[in-house]
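Chemist: sequence first, predicted model second:
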Amino acid sequence: MSAPHQDHDVEDLCVAAGELYETALREGHVSPADAEAAPCLVDLGLLHPSVADLNRLEPVPPAVALHRMLRTAEERIADERRREQRLADMFEPLMRIDGRTGAESIPTVTVLSGLDRIRRAIAQAMADTSGELLAIQPHTSHTRLAPGVLDEAMVRDQALLDRGGRIRTLYQHTLRHAPTVLRRYEELRGDVEARSLDEVTERILIVDRAVAFIPVNADRTLALEIRHPAIVTFLATTFDRLWRLATPMYPQAVQQPAMNGVTPRQRAIAALLVEGHTDAVVADRLGMNIRTVREHIAKLASTLGSESRAQLGFLIGRSGILDQEG
């Protein structure tokens, strides 16, 4: 008597199911009797009864099955993000109720609700400092801000510089030539420097290594003001390590060299491709639009002599381009 079939997910397809699915793809169909050894294929939607002959099971094309399952995964992720937003909305007013006593009566993490309140808190933290501002600005930061908000930030930052402070900012490489960013630095006077990386964290502002501001939700209408020394030190240390890895951008820009005909941008894309990410994920991680990503992938494939997406991953690994210093 054979052992009962164990339930599993599609990414853990059992050996019997894998072999039967391959047979169905080659021959165009299998019999219901053949499928008894691998009932998971029907359960997972990889086999379905033939319209012309109900005594035959036909395979769902792999490309169709993959698209359907990826779409299901994306919908599940979207549901989780909506749940995350609902939780944040529910707990935000509750977190402002301080029922603690004694040594912990002064909050070290405060939830800030609304763009105006967030800007006021940042301005207040910077008003009296003559130290430093450390900032990480992902690719969406400047495209989402209204001109008036940028002007306000310029006045705030210039006031810090006038008091003898300094500003260090990390951007994504996609902003190295952005007119808004370059104009901002050309207008500032004082000790200001910017560097860039392929990937950065979400937005972070750290004032005097004593207080940090980070967003809570995607549209940044909720933020955390953090004054806990251990957390702020952790964030500042993370900034320092990213800063050392980054490429100078202002006041003196350094151009990353191409290697073996592969540009730094294409190496960054290649690194994410071999991890199995889709074009959309690569675009989001690197702050690019998906069309530009696909153009870089096409150029990368041409450079490496790849004739297919599957072969491209193999050629990237064999080429050694990811082992080279950028």
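Modeler: Good, I have the coordinates.

Chemist: helices of the chain, residue ranges please.
Modeler: Here the chain has its helices, by DSSP state H, at 15-27, 32-35, 40-43, 62-95, 115-127, 141-144, 147-162, 179-187, 229-245, 264-274, 279-286, 290-304, 309-319.

Chemist: now render these as a markdown table, adding mean pLDDT.
Modeler: Listed next are these as a markdown table, based on pLDDT from 0 to 100:
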| stretch | mean pLDDT |
| --- | --- |
| helix 15-27 | 86 |
| helix 32-35 | 85 |
| helix 40-43 | 82 |
| helix 62-95 | 80 |
| helix 115-127 | 90 |
| helix 141-144 | 48 |
| helix 147-162 | 81 |
| helix 179-187 | 79 |
| helix 229-245 | 91 |
| helix 264-274 | 78 |
| helix 279-286 | 79 |
| helix 290-304 | 81 |
| helix 309-319 | 74 |
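
Chemist: can I get these in TSV including mean neighbour count and distance to I206?
Modeler: The way it works is simple: take the backbone N, C-alpha and C, and place the C-beta from them, glycine included. What follows is those, written out as TSV (neighbours: other CB atoms under 10 Å; distance: least, CB to CB, whole Å):
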stretch	mean neighbour count	distance to I206
helix 15-27	15	51
helix 32-35	14	59
helix 40-43	20	51
helix 62-95	11	21
helix 115-127	16	10
helix 141-144	15	15
helix 147-162	14	13
helix 179-187	14	19
helix 229-245	14	5
helix 264-274	20	25
helix 279-286	18	23
helix 290-304	16	31
helix 309-319	15	36
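
Chemist: which among those is found nearest to L54?
Modeler: L54 sits nearest to helix 32-35 of all these, at 8.9 Å, using CB to CB.

Chemist: name the residues that touch that closest one?
Modeler: With CB atoms under 8 Å, 6 or more residues apart in numbering as the test, helix 32-35 has contacts from 20, 23, 41-42, 47, 55-57.

Chemist: what is the nearest of those to D162?
Modeler: Closest to D162, out of all of the contacts of helix 32-35 and judged by CB to CB, is L41, at 70.1 Å.

Chemist: if we ignore the residues flanking it in sequence, what's nearest the closest one?
Modeler: Nearest residue to L41, sequence neighbours excluded (CB to CB, 6 or more residues apart in numbering): L47, at 4.3 Å.

Chemist: same question, H173
Modeler: Distances taken as CB to CB, 6+ apart put S196 closest to H173, at 4.8 Å, once the chain neighbours are dropped.

Chemist: got the contact list for the residue nearest to L41?
Modeler: L47 touches 21, 24, 30, 35, 41, 57-60, counting by CB under 8 Å, 6+ apart.

Chemist: measure it to L66 for me?
Modeler: 15 Å (CB to CB, to the nearest Å).

Chemist: picking that back up, among the helices of the chain, which is nearest L170?
Modeler: Of all the helices of the chain, it is helix 229-245 that lies closest to L170, at 5.9 Å by CB to CB.

Chemist: now do that closest one: which elements does it pack against?
Modeler: Under the contact definition 3 or more CB pairs under 8 Å, 6 or more residues apart in numbering; DSSP states H and E, helix 229-245 sits against strand 132-137, strand 166-172, strand 191-197, strand 204-207, strand 211-215.
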